[in-house]
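Q: Kindly generate the corresponding structure for this input.
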Amino acid sequence: MANIQSLDPSASPLDYYGWELRRQREASGLRQGQLGDIIFCTGSLIGQIETTKKVPTRDFSERVDAALGTDGVFSRLIGLVLRSQLPNWFQPYAEMEAKAAYISTYQAQLVYGLLQTEEYARAVLTAGKPVDLDGLLAARMERQRILEREQPPLAWAVLDEAVLLRPIGGADVMYRQLVRLLEFTNHRWMRIQVLPLSAGEHPGLAGAFNILRFEDHPDVFYTEDMMSGHMTANPETIREANLHYAHLQAAALSLRDSAALIARVMEERYGDQPEQRTVA
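A: Here you go, the predicted structure:
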């Protein structure tokens, strides 16, 4: 088991978090178990986070700040820590996504990460058999905080109808995921369209892609394959991507009809299970 005294706080955000947590806890004269009692967790969890065996959550960080009087140090640090848990190849995109003023996304297989419920995201991530599922899940949920800003990015998502029909995580998970999509029906900053199967061939057949626009940076085009992501600001690529996206929007159902289709699939495909779901 790692000794926190051997940790290099400059090695990674997670190492720094653990090192700083121990330093602040000891400065307050608290043992791990005592701090755990104050913030309603076990001393073992405190120790695991101090030795980087566990990734902290935002809730944990906020409670530590309150208990130790650290003036939001851990609440500010947690975003960096969770972003560092994303795959190395994805981190540059996540950083750009967080700065974007406008996001356009076409998704052929899955709900866009910013719109996923936690249980849907867990099912998606589990399929990849990651070493640290909890860390990846916490990082994905942290990405969604950009939608909670006072002025979040304007975002437009075109989802292939297949996204609604693929039962990721099972019927219960899908029901709640589609409820989540419907919550954006009258959202000021987010719009969702569904590209129906009846559209036939279309410019998105090659796969999902995102276009990010910025106030003071060239537009960025992003795609993924099975092993990595690819990002470019090449003007010709951006021009072609914007044209493809315009065609996808034109072929998709209207916002109203898209919401109606989502609601219909939710009830007809996932809403007739023996136990009725509780929608949080």
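
Q: Quick check: pLDDT value at the nearest residue to residue 247 once chain neighbours are set aside.
A: Spatially, and ignoring its direct neighbours in sequence, residue 247 is nearest to residue 203 (5.0 Å; C-beta to C-beta, 6 or more residues apart in numbering). Just so you know, the C-beta spots here come from the backbone N, C-alpha and C atoms, and that holds for glycine as well. At residue 203, the model reports a pLDDT of 89.

Q: Surely residue 203 touches residue 241?
A: No: counting by C-beta atoms under 8 Å, residue 203 stays clear of residue 241, with 9.3 Å between them.

Q: mind listing what's buried in stretch 249-269?
A: Across stretch 249-269, burial judged by 16 or more other C-beta atoms under 10 Å covers 251, 252, 253, 255, 258, 259, 261, 262, 263, 265, 266.

Q: let me fix that: stretch 92-106
A: Buried residues in stretch 92-106 (16+ other C-beta under 10 Å): 93, 94, 96, 97, 98, 100, 103, 104, 105, 106.

Q: which stretches of the stretch 1-150 of the chain have low pLDDT?
A: For the stretch 1-150 of the chain, the stretches with pLDDT under 70 are 1-5.

Q: which other residues reach the strand or helix carrying residue 48?
A: In this structure, residue 48 sits in helix 43-50 according to DSSP states H and E. Outside helix 43-50, the residues that touch it by C-beta atoms under 8 Å, 6 or more residues apart in numbering are 4, 17-19, 21-22, 25, 31-37, 53-56, 60.

Q: Give me the buried entries from those residues.
A: For the contacts of helix 43-50, buried by 16+ other C-beta under 10 Å: 4, 17-19, 21-22, 25, 32, 35-36, 54-56, 60.

Q: Is residue 57 in contact with residue 139, as I believe?
A: No: the pair residue 57 and residue 139 does not pass the contact test of C-beta under 8 Å, sitting 10.7 Å apart.

Q: Which of these two has more residues huddled nearby?
A: Each of residue 57 and residue 139 has its neighbours counted (other C-beta atoms under 10 Å); residue 139 has more, 24 against 17.

Q: Surely the more buried one is within a helix?
A: Yes: Residue 139 forms part of a helix when assessed by DSSP: H, G, I helix; E, B strand; the rest coil.

Q: Does it touch residue 82 like I think?
A: Yes: with contact defined as C-beta under 8 Å, residue 139 reaches residue 82; the gap is 4.6 Å.

Q: can you count the residues close to residue 189?
A: Neighbours of residue 189 (other C-beta under 10 Å): 15.

Q: and which of the buried residues of stretch 92-106 is nearest to residue 67?
A: residue 98 (28.3 Å; C-beta to C-beta).

Q: Figure out the helix or strand that the closest one lives in.
A: helix 91-99.

Q: got a list of what the closest residue to residue 84 other than its chain neighbours touches?
A: Distance criterion C-beta to C-beta, 6+ apart; nearest residue to residue 84, sequence neighbours excluded, is residue 13 at 4.5 Å. With contact taken as C-beta under 8 Å, 6+ apart, residue 13 is in contact with 77, 80, 81, 83, 84.

Q: Dead centre of this structure: give me the residue that sits there.
A: residue 140 (3.0 Å; C-alpha atoms, centre = their mean).

Q: I'd guessed that one sits against residue 114; true?
A: No: using C-beta under 8 Å, residue 140 is not in contact with residue 114; the gap is 9.0 Å.

Q: May I ask which helix or strand encompasses the residue of the chain most remote from its centre?
A: Distance from the C-alpha centroid of the chain peaks at residue 29, with 36.7 Å (C-alpha atoms, centre = their mean). Assigned by DSSP H and E, residue 29 belongs to no helix or strand.

Q: hang on, the earlier thing: send me the helix holding residue 48 as PDB with only the CA atoms.
A: The C-alpha trace of helix 43-50 is given here as PDB (Å, rounded to 0.1, in the frame of the first residue of the first chain):
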ATOM      1  CA  GLY A  43     -11.700   7.000   8.200                       C
ATOM      2  CA  SER A  44     -10.800   4.200   5.700                       C
ATOM      3  CA  LEU A  45     -12.200   6.300   2.800                       C
ATOM      4  CA  ILE A  46     -10.200   9.300   4.000                       C
ATOM      5  CA  GLY A  47      -7.100   7.200   4.000                       C
ATOM      6  CA  GLN A  48      -7.800   5.800   0.500                       C
ATOM      7  CA  ILE A  49      -8.200   9.300  -0.900                       C
ATOM      8  CA  GLU A  50      -5.100  10.500   0.800                       C
END
